[in-house]
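S.K.: structure of the sequence below:
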Amino acid sequence: MNICVFGAGAIGGYIGCSLSKAGANVSLIARGPHKEAIEKNGLTLITGNSSDTFNLKVTENPKELETQDYIIIGVKAHAIAGIVENLKPLLNKNTSILSAVNGIPWWYFYKANSNTILENTHIDSVDPDGIIWKNLNPERALGCVVYPACEIEKPGVIKHIEGNRFSLGEPSGINTDRLKILSDLFIKGGLKAPQKKNLRDEIWIKLWGNCSFNPISAITGASLDIIGNDPSSRNLIKQMMEECQKVGEAVGVNFGVSIDKRIDGASSIIGHKPSTRQDIEMKRPLEIDPIMSAIIEIGNKLNIATPMLKHINSILKLKANYLGLYKRNELIEKLTI
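M.R.: As a prediction, the model looks like this:
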C-alpha cells in the first residue's frame, strides 16, 4: 500500500509515522531543514515518554516517487491550490486523496445532499476559481476531521501532545472499501479512525470553535478560558457561533449540542492557545479563509446574514496582512463583503 504524505509537518508527520507502523509503504514530501534532518536521521515521533524513529523516503520532488494508492495532504487548506500541479505525478486512476485540514474542505459540496444551489459546486474561499476541484476531481476525495495536537520540536522530530482521533468519511456518507482500508491502517498504527456517515456535522462542530475562539484569541492574545469567561467576549463568541450555526443548518448540518455547552467546553481548557494564535506567534501564514471566509461566502450565496463574522474576519485579515501572514485574494474579498 503506497501512501504519500504531502506536507510532513506536525500532523502530517504524525500520520506518516503511524501509517508506517501499520505496515504501509510511506513516503514524505517535505523541504528545508526538516527534509534534510529526515534524510539524515529518519523521522522521530515522541509520544509521552517513548520515542520511535522511522526511516521513511523523503523528497521535495514528487516526480521522484511512484504513483500512490492514497495521498494524505498535510499542508493547510489555503495552500492546497498552490500544490495541485505537484500532486499530479502521484496520481493514478484509483488514487484517493485525504486532506487533513481545518475548516471547510475544498470538496465540501460534492455529493453533499445539501438541497441548495451549492450542490456539486466549489467554494472559492478555499478553492479559488475551482482549481483544486477541476484538477484533482472530487471523486478522489476522502474527508477527515483532525483532533490531535502535535508540534515540530526540531527538524526531523515530531512531538505528539494530545489526542489520536481522525474521523474519516466519504463525501457521499457511504462506507466504501477504500475508506475501510485507510481507517484500518490508521487503527493498526495506533490511531482512532471512526468511519462517519455524517462527517460534515463534525466538520461544522469543530468549525464552530475555529471561526470564533481562534480569531478572537489571535486578535487579543487571550487564551480560551479568558475569552469564554469574560462576559463581553463570551457574548461576542456566541453571536459568531449563532451565525455559523445558521449557515451550517441551511446546508443540512445537525449540530447536536448547544452553543453554551460548546463555549463551556472550550473555556474549561486553561491557558490554551488555538492554532491561529500560535501561527501569529510563530509568524506562519494564517488559515483565515477556510475557517471564516468560507462560512461568509456560503452565507452570502444563500442570503444568510453573518455581520459579526464579517466584522471579525475583516479585523483579523487586516492584522494578518499587516504582519505579512495573509495575502488578500481579490475574488475572495468580493465574495465575502
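
S.K.: quick check: buried residues in stretch 241-252?
M.R.: Judged by neighbour count using 16 or more other C-beta atoms under 10 Å, the buried positions of stretch 241-252 are 241, 243, 244, 245, 247, 248, 250, 251. Using the backbone N, CA and C atoms, a C-beta is placed for each residue, glycine as well.

S.K.: do you know how far the first one is from residue 222?
M.R.: Per C-beta to C-beta, to the nearest Å, residue 241 is found 17 Å from residue 222.

S.K.: tell me how many other residues surround residue 42.
M.R.: The number of residues packed near residue 42 is 17, by other C-beta atoms under 10 Å.

S.K.: quick one on the thing from earlier: any idea which of the buried residues of stretch 241-252 is closest to residue 331?
M.R.: residue 247 (19.5 Å; C-beta to C-beta).

S.K.: thought the closest one was touching residue 301?
M.R.: No: using C-beta atoms under 8 Å, residue 247 is not in contact with residue 301, being 9.8 Å away.

S.K.: picking that back up, need the buried residues of stretch 241-252 in CSV with pLDDT and secondary structure, can you?
M.R.: Output for the buried residues of stretch 241-252, formatted as CSV (pLDDT from 0 to 100; DSSP: H, G, I helix; E, B strand; the rest coil):
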residue, pLDDT, secondary structure
241, 97, helix
243, 98, helix
244, 98, helix
245, 98, helix
247, 98, helix
248, 98, helix
250, 97, helix
251, 97, coil
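
S.K.: tell me the domain ranges of this structure?
M.R.: According to automatic domain parsing, the chain is divided into the following domains: 2-197, 201-335.

S.K.: give me the neighbour count for residue 258.
M.R.: By other C-beta under 10 Å, 10 other residues sit near residue 258.

S.K.: just confirm residue 158 is within a strand.
M.R.: Yes: judged by DSSP: H, G, I helix; E, B strand; the rest coil, residue 158 forms part of a strand.

S.K.: helix or strand: which one has the nearest residue to it once chain neighbours are set aside?
M.R.: The spatially closest residue to residue 158, leaving aside those adjacent along the chain, is residue 13, at 4.1 Å (C-beta to C-beta, 6 or more residues apart in numbering). Secondary structure assignment for residue 13, by DSSP states H and E: helix 10-21.

S.K.: let's see the pLDDT reported for the closest residue to residue 272 other than its chain neighbours.
M.R.: Nearest non-adjacent residue to residue 272, counting by C-beta to C-beta, 6+ apart: residue 224, 4.7 Å away. On the pLDDT scale, residue 224 is placed at 92.

S.K.: surely residue 224 and residue 218 touch.
M.R.: No: Residue 224 lies out of contact with residue 218 (C-beta under 8 Å); the separation is 11.9 Å.

S.K.: mutual contacts of the two, please.
M.R.: Residues touching both residue 224 and residue 218 by C-beta atoms under 8 Å, 6 or more residues apart in numbering: residue 274.

S.K.: nearest residue to the residue positioned nearest the centre of the chain other than its sequence neighbours?
M.R.: Centroid check for the chain by C-alpha atoms, centre = their mean gives residue 101 as the closest residue, at 1.4 Å. Once flanking residues are discounted, residue 101 sits nearest to residue 77: 4.0 Å by C-beta to C-beta, 6+ apart.

S.K.: how close does the one you found sit to residue 292?
M.R.: Taking C-beta to C-beta, one finds residue 77 at 12 Å from residue 292.

S.K.: residue contacts, residue 5?
M.R.: With contact set as C-beta under 8 Å, 6+ apart, residue 5 has these partners: 12, 13, 15, 16, 19, 26, 27, 28, 29, 71, 72, 74.

S.K.: for the stretch 201-337 of the chain, which segments count as helices?
M.R.: Applying DSSP state H, counting those that start in this stretch to the stretch 201-337 of the chain gives helices spanning 213-220, 224-229, 231-250, 259-267, 275-281, 288, 294-301, 307-322, 330-335.

S.K.: now the closest residue to residue 148 other than its chain neighbours: how far from residue 145?
M.R.: Spatial nearest neighbour of residue 148, chain neighbours left out: residue 163 (3.9 Å); criterion: C-beta to C-beta, 6+ apart. According to C-beta to C-beta, residue 163 and residue 145 sit 11 Å apart.

S.K.: so where do the strands sit in this structure?
M.R.: 2-6, 25-29, 43-47, 50-54, 57-59, 70-73, 96-99, 141-146, 149-154, 157-162, 166-169 (DSSP state E).

S.K.: in a markdown table, list these along with distance to residue 191.
M.R.: Output for those, formatted as a markdown table (distance: least, C-beta to C-beta, whole Å):
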| stretch | distance to residue 191 |
| --- | --- |
| strand 2-6 | 13 |
| strand 25-29 | 14 |
| strand 43-47 | 11 |
| strand 50-54 | 14 |
| strand 57-59 | 21 |
| strand 70-73 | 12 |
| strand 96-99 | 13 |
| strand 141-146 | 11 |
| strand 149-154 | 12 |
| strand 157-162 | 10 |
| strand 166-169 | 6 |
